[in-house]
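>>> Please find the sequence and the predicted model below.
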Amino acid sequence: MSGCQPAAEPFLPQYGSIDILIEDAQVIDGSGTAAVAADVVVVGDTIVFVGDAAFAAKDPRIVRRIDAGGRVLAPGFIDLHSHGNPLETPEMENFLAMGVTTISLGQDGSSPDVEELSVWLNEVDQKRMGTNLAMFIGHGTLRERAGAGRNPWPEPEQMARMLKMLEAAMPHTFGMTTGLEYNPGLSASEEELVVLAQVVGKYDRVIMSHMRNEDDDQLENSIAELLEQGRHARVHISHLKSVYGKGSARAAEILGIIEAARADGIDVTADMYPYTASYTGIGIVFPVWAKTREQFEFAKADRREELEEYLRNRVAARNGPESTLLGTDPWTGKTLAELSFELELPFEDVLIDIIGPNGASGAYFVMNEELQTSLLDSPWVGVCSDGSPTGFHPRGHGTFAKIIEDYVLQNEVLTLEEAVAKMTSFPARLLKITDRGLIAEGKRADLILFDPQNVHARATYPEPLQLAEGFDLVLVNGVVARENGKLAGVRAGRVLKPEST
């Protein structure tokens, strides 16, 4: 042997240009396995190399080098339950600021009221979003467009229209959502939902459900209704919670229902957000017989005393009027108790005479911290924000940062690797998005760079629109979307397409 060393293999010789080299990162790949020191190379919208690229660091083809300095590099988070209008607020900075690169819309049974959802999605894709979008079709929207409205037993032709519209949406959506605590979904029978589930299952999509009743004493019944649909399609519990429930033992009972169903062959999963207050329309405290404008006017005139008594009992059971924080002008930031005091009216009269069932939204402090924290322990429970760019609740601006800040660092409920997996590969598997949710060669370059110690959820209940801090770099489809606390000026998100069956 002459002692001559063989020439080193060229670094990624198939590429004339290398767009981004991220050096010296602690890569948490989203699988749940331990972080590893590695470099990551991005060409176009794709991760093309994960490993040691030190020998090629000075390659003249590299357009941009990013020194991670030992910070964590993870896949962008996928929000399983989001809200917003991408035609009105396409930047979606609240999501990008907390490391979210894909959101899901069409939740709670409500999707855009358009003739063809595919046309609306094309418009969104042409305008571009800051994040990617996984779209769902809303069951309530199907009911309205089919003419069924609040009819508990749709006419055969109405049911046929619902099925036709659902079929037409499946190639463009990741499934169907239901909002069974809201009109018009609350009018739907179990039989109707099962028939629709058969269509969703045929395409191997998922049904995401805001269940019929999240009160602790009704939770089993609500889950049971969803599990019947789960015999025909994959099913998912949106923002799993127990209103009034308390303690880790109760959480174990709830998780036991999910485990037993999975053992019985039903593919059921759930998500949750790390806050003890929910956020929705004030109609949540009104009875079923007084939720619509027509029903409410009748109840106010003919059943006033009964309505007052119901509201007193309902609000008291939900921890009282001081636990309802209004998020709609002109009452934004006031509790129902404060508004009652200010107007010198009983809170039930404020609800009836001032606000009405469709007059406001609010945050409701109705959950138990110990119970909710215990739910996240399950491998079948992921993370969602249930937030939007404008909603008056900190979850829309803080959820994913709060998971790291509170659940990982402060309370050590999860390891960072476990938390990242719940926010990346778990939702990707659920949605059957095979090219995202992991850092691996061939995956799309949705990436976030951060020091966990610097991640903070700044949003609070009094000031819920404060952006999260600590996610230094956010790449969406290989493009820098946000860096050092500022939008990069390029919206690189895409409308994602579900896998064909």
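Noted; the coordinates are in hand.

>>> where do the helices sit along the stretch 151-300 of the chain?
156-169, 190-202, 219-229, 248-263, 293-302 (DSSP state H, counting those that start in this stretch).

>>> Next one: the spatially most central residue of the chain relative to His210, how far apart?
Closest residue to the average C-alpha location of the chain: His81 at 2.1 Å, with C-alpha atoms, centre = their mean. Relative to His210, His81 is positioned 9 Å away (C-beta to C-beta, to the nearest Å). For every residue, glycine as well, the C-beta is placed using N, CA and C.

>>> could I get the helices of the stretch 151-300 of the chain as a markdown table with mean neighbour count?
Formatted as a markdown table, the helices of the stretch 151-300 of the chain follow (neighbours: other C-beta atoms under 10 Å):
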| stretch | mean neighbour count |
| --- | --- |
| helix 156-169 | 16 |
| helix 190-202 | 18 |
| helix 219-229 | 19 |
| helix 248-263 | 16 |
| helix 293-302 | 14 |
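
>>> Could you point out which of those sits nearest Asp29?
When those are ranked by distance to Asp29, counting by C-beta to C-beta, first place goes to helix 248-263 at 25.4 Å.

>>> What lies in contact with that closest one?
216, 219-220, 223, 227, 230, 237, 240, 242, 245, 268-270, 370-375, 377-378, 380-381 (C-beta atoms under 8 Å, 6 or more residues apart in numbering).

>>> Take the residues you listed and keep only those in strands.
Among the contacts of helix 248-263, DSSP state E puts 237, 268-270, 381 in strands.

>>> So which of the helices of the stretch 151-300 of the chain is nearest Gln466?
Ranking the helices of the stretch 151-300 of the chain by distance to Gln466, with C-beta to C-beta as the measure, places helix 248-263 first at 29.6 Å.

>>> in its sheet, what does the strand ranked longest in the chain sit against?
When secondary structure is assigned using DSSP E, the longest strand within the chain turns out to be strand 18-27. Counting by DSSP bridges, the strands paired with strand 18-27 are strand 36-43 (antiparallel), strand 62-67 (parallel), strand 72-75 (parallel).

>>> Need the mean per-residue confidence for it.
Taken as a whole, strand 18-27 has an average pLDDT of 98.

>>> With adjacent residues omitted, what lies nearest to Ser340?
Closest residue to Ser340 apart from its sequence neighbours, by C-beta to C-beta, 6 or more residues apart in numbering: Phe347 at 4.1 Å.

>>> how many neighbours does Leu343 have?
Other residues within reach of Leu343, judged by other C-beta atoms under 10 Å, total 13.

>>> circling back to that earlier point, so the residue nearest to the centre of the chain makes contact with Gly382?
No - counting by C-beta atoms under 8 Å, His81 does not reach Gly382; the two are 9.6 Å apart.

>>> Mutual contacts of the two, please.
Listed contacts common to His81 and Gly382 are Asp271; contacts here mean C-beta under 8 Å, 6+ apart.

>>> Tell me the confidence at the closest residue to Ser110 other than its chain neighbours?
Excluding its sequence neighbours, the residue lying closest to Ser110 (C-beta to C-beta, 6+ apart) is Gly138, at 4.4 Å. pLDDT for Gly138: 98.

>>> For the nearest residue to Thr460 once chain neighbours are set aside, list the residues it contacts.
Once flanking residues are discounted, Thr460 sits nearest to Pro394: 5.7 Å by C-beta to C-beta, 6+ apart. Contact partners of Pro394, counting by C-beta under 8 Å, 6+ apart, are 275, 402, 457, 459-461, 464.

>>> sorry, back to before: separation between the residue nearest to Ser340 and Ile448?
With the distance defined as C-beta to C-beta, Phe347 ends up 43 Å from Ile448.

>>> More neighbours: which of the two?
With neighbours defined as other C-beta under 10 Å, Phe347 and Ile448 compare such that Ile448 has more, 29 against 26.

>>> How about the secondary structure of that one?
The assignment at Ile448 comes out as strand when based on DSSP: H, G, I helix; E, B strand; the rest coil.

>>> give the contact list for the nearest residue to it once chain neighbours are set aside.
Nearest non-adjacent residue to Ile448, counting by C-beta to C-beta, 6+ apart: Gly99, 4.4 Å away. Under the criterion of C-beta under 8 Å, 6+ apart, the contact partners of Gly99 comprise 74, 76-77, 400-401, 423, 448, 450, 468, 471, 474.

>>> Any chance of a markdown table for the helices of the stretch 151-300 of the chain, columns distance to Pro357 and mean pLDDT?
Below are the helices of the stretch 151-300 of the chain laid out as a markdown table (distance: least, C-beta to C-beta, whole Å; pLDDT from 0 to 100):
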| stretch | distance to Pro357 | mean pLDDT |
| --- | --- | --- |
| helix 156-169 | 25 | 98 |
| helix 190-202 | 24 | 98 |
| helix 219-229 | 21 | 98 |
| helix 248-263 | 29 | 98 |
| helix 293-302 | 5 | 96 |
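
>>> Could you report the neighbour count for the spatially closest residue to Thr434 that is not a sequence neighbour?
In space, and not counting its chain neighbours, Thr434 is closest to Glu499: 6.8 Å by C-beta to C-beta, 6+ apart. As a burial measure, the neighbour count of Glu499 was computed by other C-beta under 10 Å and equals 13.

>>> Could you do Glu88 as well?
When neighbours are counted by other C-beta under 10 Å, Glu88 registers 8.

>>> and it, which of the three is it?
Look at Glu88: counting by three-state DSSP, its state is coil.

>>> Got the phi and psi for it?
Geometry field for Glu88 lists phi and psi as phi -100, psi -40, criterion degrees, to the nearest 10.

>>> Tell me which of the strands paired with strand 18-27 sits most buried.
With neighbours defined by mean count of other C-beta atoms under 10 Å, none of the strands paired with strand 18-27 is more surrounded on average than strand 72-75, at a mean of 27.

>>> Can you list the neighbours in contact with that strand?
22, 25-30, 35, 38, 40, 99, 101, 416, 420, 424-425, 436-439, 443, 446-452.

>>> partners of the helix or strand that that strand is followed by, with directions?
For strand 72-75, the succeeding helix or strand toward the C-terminus, using DSSP states H and E, is strand 77-78. In the sheet, strand 77-78 lines up against strand 100-105 (parallel) (DSSP bridges).

>>> Show me what secondary structure element comes after the strand it pairs with.
If you walk from strand 100-105 toward the C-terminus, the next helix or strand you reach (DSSP H and E) is helix 117-127.

>>> For that next one, name the packing helices and strands.
Applying 3 or more C-beta pairs under 8 Å, 6 or more residues apart in numbering; DSSP states H and E, one finds that helix 117-127 makes contact with strand 132-135, helix 156-169.

>>> tell me the mean pLDDT for it?
Here the mean pLDDT over helix 117-127 is 97, rounded to a whole number.

>>> re the thing from before, tell me, what's touching His81 and His210 both at once?
Overlap of the contact sets of His81 and His210 (by C-beta under 8 Å, 6+ apart) consists of 107, 238-239.

>>> If any of those are buried, put those into a PyMOL selection.
Under the burial definition 16 or more other C-beta atoms under 10 Å, those of those that qualify are selected in PyMOL by:
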select buried, resi 107+238+239
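
>>> Mind picking the one among the shared contacts of His81 and His210 that's closest to Val490?
Within the set of these, Gln107 lies nearest Val490; the separation is 26.9 Å, counting by C-beta to C-beta.

>>> Noted, bye for now.
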